[in-house]
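Visitor: The sequence isn't on hand, but the structure is:
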């Protein structure tokens, strides 16, 4: 298995892009990554595009082909396919692209992620996102996707005495970081009071415990490590790329307070990377809902079960703390264009490891971890990266 | 790059499965492939599932996770992701699964394809399928997907003097083969007159030049060739797995009578397999519309441009002819559950190469080719297989 590096990374601003379509966002991100990699578009040998629901959001499937065409690559007949794993579609595309380079069949591979979500009214968006859960056994029975997140939060609060004030620290941290990321959807600080008193979405989660509906695209360029330095002085090696799944429905699971998929993907990733949680200098943790991030932090070994919120209370999760978390703003403040998110997390890690993250730069970051989740922690995908 | 073999294959009957849902079809096909491979479900290390539009057809995304769960594999945290390339989603999933095993990261990989299309009225199905074309630049301007196929046919008839009687030979052959496949959606013969006088869909294509709306699932199990014989006496080696793309819109293309993506994927596949068209004993060619199959036959080198229909006129394409074509019934008669089709084509080739195809068995078939197309020949994916 060949070692694989990221030689270029780019993304659009996340937010409400009324003037841009799905293809515009994908191409903008892709071209930024291509430019960053110092390659020509024609050098690309395959494209793997992460996207959750363009078919439902904008009536467009066949998204890989669309992107290849509008990136100007139809003439080269470049292979292009789409990968989907709900909100983990971006990381799933990266996993597929990683395997493509690792296999030896392709050298230069573009991995993109994109979602155009704001063309529909909110109730339709919520319904489409519920397709990440079990439509027949959860959604038809009345659950929205935030309602499922709320059940996870309620159970966690019951088992460990977590208060809503404590849980609200996570969006406060994310929004603080968002102020330092010019590409973030939201770039203003919020207080615990504002989080708690925001409109209720699904008790106990207010809208400020939930990631927003965002448009955006992100892309990275992969190459075998042995030729990566031909293109860039600071390639970032993919030490691990792992995927794990759980029951799709909450009601099938023995516990709502830990995620077997995150535990399994994390364990395999640490083994593959020969790293431990203490080796991680910067991390992007999936915070579609604050509770998912809290469980993720624990299930990845950054805190004991039931004690993750202490990291927030002690200030360790800030960009200048000991365990910098969601320095990009996370899904909460940077935004959550679902198909783009997993790739965008990796774009952030790449910027951090290359010391190009500006105001929010984590000092001396050499190893980073990205944790991307599909559904209610049904799919978990982990990437561990190290600057070469 | 490790060599990869298919060690098991299975599929559901294709047709109108009013009593089965998406997950039922996926699991039925998967379990048949697992049983055929003589493995336990727990042996599976990763799942790649092809599906075009479950989000639109049945409101369900996150299809990989759903299948893993209902196949009983949630306990093993098996990685499971979905792959999409419109009607080539099945072959795209096989390509991703092939790379996964070739890379060395996974040994035993399940590749599935599934689509549940009949839960919606026909006009909605037609609209969803149009998501394989360019929604903004073709569909919003009035084109249905069959209308695009009709334009290809009209142009071909104009350039080469093809008659509708000639084109109608292809569905006649497909339906003849369908009578010998107990899993085919349609198992009755049709005549040229019946094809021509069937209800018009998009002039010159009648409904009998168009593949039907079908439900179905198909699956294969992959393993490295060096351990394949541990599981089966007749592994089938994947000699080539190639993908190529073209402009998504017909209006962007220099020609409507040949497909650069099929030409490119075919050329690469023949090189990779070290085979030529004359070495192919049995082939499944994508006949979503008859014109696509005709162009495919030519672009893959089985006939000169403009002369492909002679193969039909001379009887060479029948199962007992020199160039057995769509012996399964093809998309036209076997059916076209879009996400399943590409995997189902490979299931047919595997059966043929293992001499298990019953009445429709092609004598002495050792090398087979499957040609799966997304959109209007936008994505072309070729697999060449040889019995080991």
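Guide: Structure received. Please read these numbers as outputs of a predicted model, since none were measured by experiment.
Visitor: so who does the residue of the stretch 1-150 of chain A found nearest chain B touch?
Guide: In the stretch 1-150 of chain A, the residue that lies nearest chain B is residue A:79 (3.5 Å; CB to the nearest CB). The way it works is simple: take the backbone N, C-alpha and C, and place the C-beta from them, glycine included. Contacts here follow CB atoms under 8 Å, 6 or more residues apart in numbering or on different chains; on that basis residue A:79 touches A:45, A:46, A:47, A:106, B:95, B:242, B:243, B:244, B:245.
Visitor: For it, give its distance to residue B:109.
Guide: Plainly put, residue A:79 is 19 Å away from residue B:109 if you go by CB to CB, to the nearest Å.
Visitor: Could I get the pLDDT score of the residue of the stretch 1-150 of chain A closest to chain B?
Guide: Looking at residue A:79, its pLDDT is 98.
Visitor: and it, what are its phi and psi?
Guide: Backbone torsions of residue A:79, given as degrees, to the nearest 10, read phi -60, psi 140.
Visitor: ok, back up a step: return the closest of the contacts of residue A:79 with respect to residue A:163.
Guide: Nearest to residue A:163 among the contacts of residue A:79, counting by CB to CB, is residue A:47 at 46.0 Å.
Visitor: how would you label the closest one: helix, strand or coil?
Guide: Recorded secondary structure, residue A:47: strand (DSSP: H, G, I helix; E, B strand; the rest coil).
Visitor: Tell me, how many residues neighbour it?
Guide: For residue A:47, the neighbour count with other CB atoms under 10 Å in any protein chain shown is 29.
Visitor: could you list every residue that touches it?
Guide: Counted by CB under 8 Å, 6+ apart, residue A:47 has contacts A:64, A:67-68, A:71, A:73, A:78-81, A:109-112.
Visitor: mind listing which of these are in helices?
Guide: Here DSSP state H is the test, and the contacts of residue A:47 give A:64, A:67, A:68 as lying in helices.
Visitor: Let's see if you can find the most crowded of these.
Guide: residue A:64 (35 neighbours).
Visitor: Not counting its neighbours along the chain, what's nearest that residue?
Guide: residue A:80 (3.8 Å; CB to CB, 6 or more residues apart in numbering or on different chains).
Visitor: The one you found and residue A:65 touch, don't they?
Guide: Yes. Assessed by CB atoms under 8 Å, residue A:80 is found in contact with residue A:65 at 5.7 Å.
Visitor: Emit the PyMOL select command for whichever of the contacts of residue A:79 are buried.
Guide: Buried residues within the contacts of residue A:79, by 16 or more other CB atoms under 10 Å in any protein chain shown, are selected in PyMOL with:
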select buried, (chain A and resi 45+46+47+106) or (chain B and resi 95+242+243+244+245)
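Visitor: Just put the contacts of residue A:79 in TSV and tack on pLDDT.
Guide: Shown next, in TSV, are the contacts of residue A:79 (pLDDT from 0 to 100):
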residue	pLDDT
A:45	98
A:46	98
A:47	98
A:106	98
B:95	98
B:242	98
B:243	98
B:244	98
B:245	98
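Visitor: of all the contacts of residue A:79, which comes closest to residue B:127?
Guide: Nearest to residue B:127 out of these is residue B:245 (CB to CB; 23.4 Å).
Visitor: residues in contact with the closest one?
Guide: Per CB under 8 Å, 6+ apart, neighbours of residue B:245: A:64-65, A:68-69, A:73-74, A:77-80, B:261, B:378-380.
Visitor: now do 10 Å
Guide: Contact partners of residue B:245, counting by CB atoms under 10 Å, 6 or more residues apart in numbering or on different chains, are A:46-47, A:62, A:64-69, A:73-74, A:76-81, B:85, B:88, B:260-261, B:264-265, B:374-375, B:377-381.
Visitor: Also residue A:340?
Guide: A:11-12, A:14, A:25-26, A:29, A:49-52, A:89-90, A:93, A:112-117, A:214-219, A:347.
Visitor: how about a cut-off of 8 Å?
Guide: Going by CB under 8 Å, 6+ apart, residue A:340 touches A:11, A:14, A:25, A:29, A:50, A:90, A:113, A:114, A:115, A:216, A:217, A:218.
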